[in-house]
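Colleague: One predicted model, sequence on top.
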Amino acid sequence: MAEVVKKFMYLNRKAPYGTIYAWESLEVVLIGAAFDQDVCVMFIDDGVYQLTKGQDTKGIGMKNFSPTYRTLGDYDVRRIYVDRDSLEARGLTPDDLIAVPFEDMETGEEIDNIVEIIDSERAGALMNQSDVIFSF
Amino acid sequence: MADTIEVNGKQLAVDEEGYLANLNDWEPEVANVMAKQDNLELTPEHWEIINFLREYYEEYQIAPAVRVLTKAVGKKLGPDKGNSKYLYTLFPYGPAKQACRYAGLPKPTGCV
């Protein structure tokens, strides 16, 4: 079946709680992953908080869905990008972020963490290459 | 589908597709009651998958889609169990959907 594969980018710009955007975005990514498109996920601005370790939502009565990001690799999302400037502007380092493992079932190749920290030039280039950008 | 199921004398709320409305309502007997409605007798092999799903949810806060489940089961329990044929034999209504329901989890994310 010859199908057109489009390049999708899910762009996450908002803090994980307080609005529904982060969770909705994650659900759309996971649901969309069933359609075999070329998908990447990018975190910029306050969106970088979505990937931070040690989230505790007890005080706000919401589900802590940060562990779910670790399944992105299982859902065949191979490309996850974080904007370096956004991290630095918030006093965060790559060590503050959760790792997303990926295992290629065909080759058996295992990668401990597919989260990639990129500069804004690269982020812009990736956006230009995308056919569709969903901004959350 | 009724809006509640009776488990050990208690009425537990379920959604329109039969998934438990409240995750914390789950107890093993929930799975037995649901299986009985589907005319299914749960074996240790069923329980292995149900317990696997509950652990998966505990760790990742998500009910996995069927192909993700298959992959994860293969990794944890071996390739003879991590394949569609084995899982569909156990759960003919769809291993992720049916087993998640028995496990008291929400409908799997990414099952279309």
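Modeller: Looks like it arrived, so ask away. For clarity, every value in this text was computed on a predicted model and none was experimentally measured.

Colleague: Next up, the contacts around the nearest residue to A:A123 once chain neighbours are set aside.
Modeller: With sequence-adjacent residues excluded and distances taken as CB to CB, 6 or more residues apart in numbering or on different chains, A:A123 is closest to A:D83, at 5.3 Å. Just so you know, the C-beta spots here come from the backbone N, C-alpha and C atoms, and that holds for glycine as well. A:D83 makes contacts with A:42-45, A:48, A:117-120, A:123, as judged by CB atoms under 8 Å, 6 or more residues apart in numbering or on different chains.

Colleague: Mind naming the longest helix for chain B?
Modeller: In chain B, with assignment by DSSP state H, the single longest helix is helix B:44-60.

Colleague: What of chain A?
Modeller: Ranked by residue count, the top helix of chain A under DSSP H comes out as helix A:21-32.

Colleague: Whichever helix or strand comes after it vs helix A:21-32, what angle?
Modeller: The helix or strand immediately downstream of helix A:21-32 is strand A:38-43, counting by DSSP states H and E. Here the directions of strand A:38-43 and helix A:21-32 differ by 170 degrees (axes from the mean of the first three to the mean of the last three CA atoms, to 10 degrees).

Colleague: Find out how far the helix or strand where A:D85 lies is from the centre of the chain, if you would.
Modeller: Assigning secondary structure by DSSP H and E places A:D85 in helix A:84-89. Taking the mean of its C-alpha atoms, helix A:84-89 sits 16 Å from the chain's own mean (CA atoms, centre = their mean, to the nearest Å).

Colleague: Which residues in the longest helix of chain A does the neighbour count mark as buried?
Modeller: Neighbour counts using 16 or more other CB atoms under 10 Å in any protein chain shown place A:21-23, A:25-32 of helix A:21-32 among the buried residues.

Colleague: Dump the C-alpha coordinates for it into CSV.
Modeller: Taking Å, rounded to 0.1, in the frame of the first residue of the first chain, the C-alpha atoms of helix A:21-32 are listed here in CSV:
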residue,chain,number,x,y,z
TYR,A,21,-2.4,21.5,26.3
ALA,A,22,0.5,19.3,27.4
TRP,A,23,-1.6,16.3,28.2
GLU,A,24,-3.7,16.8,25.1
SER,A,25,-0.6,17.0,23.0
LEU,A,26,0.8,13.8,24.4
GLU,A,27,-2.4,12.0,23.8
VAL,A,28,-2.5,13.1,20.2
VAL,A,29,1.1,12.1,19.7
LEU,A,30,0.4,8.6,21.1
ILE,A,31,-2.8,8.2,19.1
GLY,A,32,-1.3,9.6,16.0
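
Colleague: Outside of it itself, list whatever touches it.
Modeller: Outside helix A:21-32, the residues that touch it by CB under 8 Å, 6+ apart are A:8, A:10, A:12, A:14-16, A:39, A:41, A:47, A:50, A:65, A:68-69, A:71-72, A:75, A:77, A:134, A:136, B:62, B:65, B:109-110, B:112.

Colleague: Distance from that helix to the middle of the chain?
Modeller: The offset between the C-alpha centroid of helix A:21-32 and the centroid of the whole chain comes to 10 Å, using CA atoms, centre = their mean.

Colleague: got it, and stretch A:3-15?
Modeller: Centroid displacement of stretch A:3-15 relative to its chain, using CA atoms, centre = their mean, is 10 Å.

Colleague: what's the span of it from first residue to last?
Modeller: With CA to CA, to the nearest Å as the measure, the ends of stretch A:3-15 fall 35 Å from one another.

Colleague: residues making contact with it?
Modeller: With CB under 8 Å, 6+ apart as the test, stretch A:3-15 has contacts from A:21-22, A:25, A:28-29, A:32, A:36-47, A:49-50, A:126-127, A:129-136.

Colleague: Give the rounded mean pLDDT of it.
Modeller: Rounded to a whole number, the mean pLDDT of stretch A:3-15 is 91.

Colleague: so where's the chain uncertain?
Modeller: Let's take chain A. Low-confidence regions of chain A, defined by pLDDT under 70, span residues A:1-2.

Colleague: hmm, I had chain B in mind actually
Modeller: Within chain B, the set of residues satisfying pLDDT under 70 comprises B:1-2, B:110-112.
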